[in-house]
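# Requesting a structural model of the entry that follows:
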Amino acid sequence: MTVDVHAGIMDRGLKLFGMIEKLQGVPSDEELEGLLRLLPPDSRENIGALLAPEMREAGLVFLDMIRQWMYAARDARSLSPKKKVILVPFNFPPDLVHLFESAVPLTTEVLTTVAALALPGGAERYWEFMQSLGLPDHICSANSVEVASLLSGKDFLPDAIISAAPGACDANAKVHEFLSHYQGIPQFILEKPVDDTPEGKAFYSRYFRTLIRQLEEFTGESLNEDRLRGVVERGNRCTELYWELFEYRKMRPCPVPNLFTLFLSPVRFCMWGTEPGIRTLEAMVDTVRRLHEAGVYPAAEERCRVLWAYTSFYFNVSELHRWMGKKGWSFLADVLSLYMPQPIDTSTMDTMIDGLVTAAWEYPMNRQMGTSSMSRAWVADMVWAAREMGADCVVHCGHDACKQTWSVVSILGEELMNQAQVPLLVLHGDSWMKTTTPITVIQQEMEEFIGNVVLGKKRTRRKVRRRRPKSTPGPKSTP
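Numbers count the residues shown, from 1 in each chain. Now for the predicted structure:
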């Protein structure tokens with residue numbers, strides 16, 4: 001069986017963002033409606049959600065950041081001298097590639113999300129093509145959709161691949177290895193030891209510095225201290241803005257639009273340490289500050305604060321993130337946006353490289369799934385986030401490819417209740433594939449869980465308090 005994919009994700013995505021580039025300033029509702037009419041229905045719905053009135057300016061800055069990122073890769077080979085395009089996974093700091101003037105990063109999972117969220121037909125055609133090659137159906141769509149596009153021979157091929165997932169996401173690592181062999185693309189491997197001791201971190205630091213030397217040889221460019229400091233300082237500015245947004249996410253009611261959780265991941269995975277990345281985060285902070293000061297929220301009442309223990313669903317953000325907002329359910333964070341960056345010391349070359357090593361070690365899924373005890377690390381982060389952000393419940397989106405999370409999700413549920421008194425909803429679906437579990441099924445399961453378990457528990461507590469005799473004193477505070 002063969003499947004014709006017609007065109008690659010890069011080519012189709014560039015055409016879409018070329019249309020968005022023509023917008024002058026912030027469009028009115030009428031102007032935006034006219035533009036959206038030019039798009040197919042499935043693209044129109046999601047792009048429209050990203051440009052909702054209350055967050056339109058930030059949405060435009062975000063889309064322009066994605067456009068600049070993709071255009072940089074497209075234009076790399078037409079420059080003189082040419083630049084190298086390096087494919088990287090989501091759990092690797094793009095800062096390291098931005099350090100080299102002669103290289104640009106492309107992030108596999110973000111391109112897959114572009115296909116699932118914005119392109120007509122979504123990601124399914126590429127998934128079917130991957131299956132037609134004989135690859136198993138339990139691989140991860142997050143990376144295999146974009147890799148399938150690259151395998152089709154109709155997409156923009158990178159010059160090299162950085163494989164940073166061994167130890168954290170083996171499905172990702174094997175799919176990129178297959179691409180490397182199939183298309184003859186050189187691959188640089190950064191393995192994360194499943195060892196949280198100082199010895200394990202020392203090994204990782206050596207592996208990271210070896211990767212830098214390999215990239216210097218591949219690009220023909222030595223690492224420049226001034227350029228390194230500039231990227232790190234811009235990354236530190238991104239860190240400041242991230243934590244400012246985090247403080248807003250802790251507020252009750254939460255003034256942060258639900259879709260800003262989606263925006264945070266591509267900034268970290270594609271443009272951290274760049275001016276477009278800073279502009280996107282600044283636009284998000286400005287929007288949230290304005291909404292908070294005006295007391296504007298998606299619904300009249302915040303009824304439920306939802307934390308996602310793993311990834312979210314990206315194929316229909318209009319009917320998840322926007323839908324949740326209208327129901328008064330705040331989307332606090334998912335594991336990909338809960339990356340908790342730290343400022344890096346810019347004193348010397350060594351302190352800056354050490355900072356990048358630590359950042360890579362702490363990347364999402366590296367931090368939770370690539371440790372000596374996945375259950376302990378995952379539970380610790382989710383319990384901390386649930387308490388810090390005041391979550392009413394946690395949702396786990398379970399994937400066929402993520403066998404490691406299925407093996408410990410019951411432990412996560414037990415510990416969330418024991419340590420934070422927060423219930424866990426376990427869903428089965430695919431973040432990028434709408435045919436696995438339709439969005440209507442996801443909505444129904446969330447409504448039943450939040451209505452019966454979360455809000456039902458709150459109603460029961462209120463009823464118990466009403467029944468207490470007036471003469472019965474309330475609980476005494478303790479010092």
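# what's the model's confidence in stretch 162-171, averaged?
Computed over stretch 162-171, the mean pLDDT rounds to 83.
# Please state the offset of that stretch from the chain centre?
16 Å (Cα atoms, centre = their mean, to the nearest Å).
# need the strands for this protein, in chain order.
Taking DSSP state E to define them, one finds strands in the chain at 84-88, 103-107, 160-163, 187-189, 304-308, 329-333, 393-398, 424-428.
# which of the ones you listed sits most buried?
Among the strands of the chain, ranked by average contacts under mean count of other Cβ atoms under 10 Å, first place goes to strand 329-333 (a mean of 26). Where C-beta positions appear, they are placed from N, C-alpha and C, glycine not excepted.
# Name the surrounding residues that touch stretch 399-411.
The contact list for stretch 399-411 (Cβ atoms under 8 Å, 6 or more residues apart in numbering) reads 137-142, 171, 309-311, 369, 374-375, 378-379, 396, 398, 424, 426, 429-431, 436.
# try it again with 7 Å
Under the contact criterion Cβ atoms under 7 Å, 6 or more residues apart in numbering, stretch 399-411 has outside partners 138-140, 171, 310, 369, 374-375, 378-379, 396, 398, 426, 430.
# again, but for stretch 203-214
By Cβ under 7 Å, 6+ apart, stretch 203-214 touches 188, 190, 191, 192, 193, 223, 353, 357, 360, 361.
# what are the C-alpha coordinates of it, in CSV please?
Only the C-alpha atoms of stretch 203-214 are listed here, as CSV (Å, rounded to 0.1, in the frame of the first residue of the first chain):
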residue,chain,number,x,y,z
PHE,A,203,28.5,12.3,32.1
TYR,A,204,25.8,14.4,30.5
SER,A,205,27.9,17.5,30.6
ARG,A,206,30.7,15.7,28.8
TYR,A,207,28.2,14.4,26.2
PHE,A,208,26.9,18.0,25.7
ARG,A,209,30.4,19.5,25.2
THR,A,210,31.2,16.7,22.7
LEU,A,211,28.1,17.7,20.8
ILE,A,212,29.3,21.3,20.7
ARG,A,213,32.6,20.2,19.2
GLN,A,214,30.8,18.1,16.6
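# Go through the contacts of stretch 203-214 and flag which are in helices.
Judged by DSSP state H, the subset of these located in helices is 353, 357, 360, 361.
# wait, which of the strands of the chain is closest to residue 48?
Closest to residue 48 of the strands of the chain is strand 329-333 (Cβ to Cβ; 17.8 Å).
# Can you check what angle separates that closest one from strand 393-398?
Computed by axes from the mean of the first three to the mean of the last three Cα atoms, to 10 degrees, the angle separating strand 329-333 from strand 393-398 equals 60 degrees.
# residues in contact with strand 329-333?
Where contact means Cβ under 7 Å, 6+ apart, the residues beyond strand 329-333 that reach it are 249, 254, 258, 261, 302-308, 321, 324, 385, 389, 391, 450.
# Next: stretch 159-174.
Stretch 159-174 has contacts (Cβ under 7 Å, 6+ apart) with 84-89, 91-92, 139-140, 143, 176-177, 179-180, 185-194, 218, 365-366, 369-370, 401.
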